[in-house]
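Peer 1: After the sequence you'll find the predicted model.
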Amino acid sequence: MAKRPQDKFTKDSDLEDKKSKDDEELKMHLGEEDKDIYNEDGAEELREDDEIDDWEEGFMEGASGMGKGPFCAHCGEELSDSKKCVEQIINGKHVTFCGDACASKGLRS
């Protein structure tokens, strides 16, 4: 029996993964399956349905790596332990600056 030719850009496993992901999203949307806060689609569904608080969303973004890295909110410089960072809450969001100079200038425009 001859093998079915494979498309050089798509593998059968890729199609199966896409199908199972689509099925999972549909089940979450219909309420047949619990929304998984640890993946981006499940977290998005929970945010849309207001099922998680802001602090939970921020915590999960950091835990899953979806959040922003440790960079100054004004100049964009990477923050390190050796710098004296300044933390502020602006518009309800926790932001960090690399120092007093950037903190006094505020968020990057």
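Peer 2: Alright, I've got the coordinates. Residues are numbered from 1 along each chain as shown.
Peer 1: Now C75. Nearest residue, chain neighbours left out?
Peer 2: C102 (5.4 Å; C-beta to C-beta, 6 or more residues apart in numbering). Every residue, glycine included, has its C-beta placed from N, CA and C.
Peer 1: so where does the one you found fall, helix or strand?
Peer 2: According to DSSP states H and E, C102 maps onto helix 100-105.
Peer 1: which parts of that helix are buried?
Peer 2: For helix 100-105, burial by neighbour count (16 or more other C-beta atoms under 10 Å) applies to 102-103.
Peer 1: Show me the strands in the chain, by range?
Peer 2: Ranges of strands in the chain, per DSSP state E, are 86-90, 93-97.
Peer 1: how near is K105 to P70?
Peer 2: Separation of K105 from P70 (C-beta to C-beta, to the nearest Å): 19 Å.
Peer 1: One more: W55?
Peer 2: The gap separating W55 from P70 is 19 Å, by C-beta to C-beta.
Peer 1: These two: which has the busier surroundings?
Peer 2: Taking neighbours as other C-beta atoms under 10 Å, W55 and P70 compare with P70 leading, 13 against 9.
Peer 1: Can you pull the poorly scored residue ranges out of the protein?
Peer 2: Within the chain, the segments meeting pLDDT under 70 span 1-19, 21, 24-25, 27-29, 31-40, 43, 60-69, 82-83.
Peer 1: Report how many residues lie close to the closest residue to F71 other than its chain neighbours.
Peer 2: Leaving aside its sequence neighbours, F71 sits nearest to E78 (C-beta to C-beta, 6+ apart; 5.7 Å). E78 has 10 neighbours, counted by other C-beta under 10 Å.
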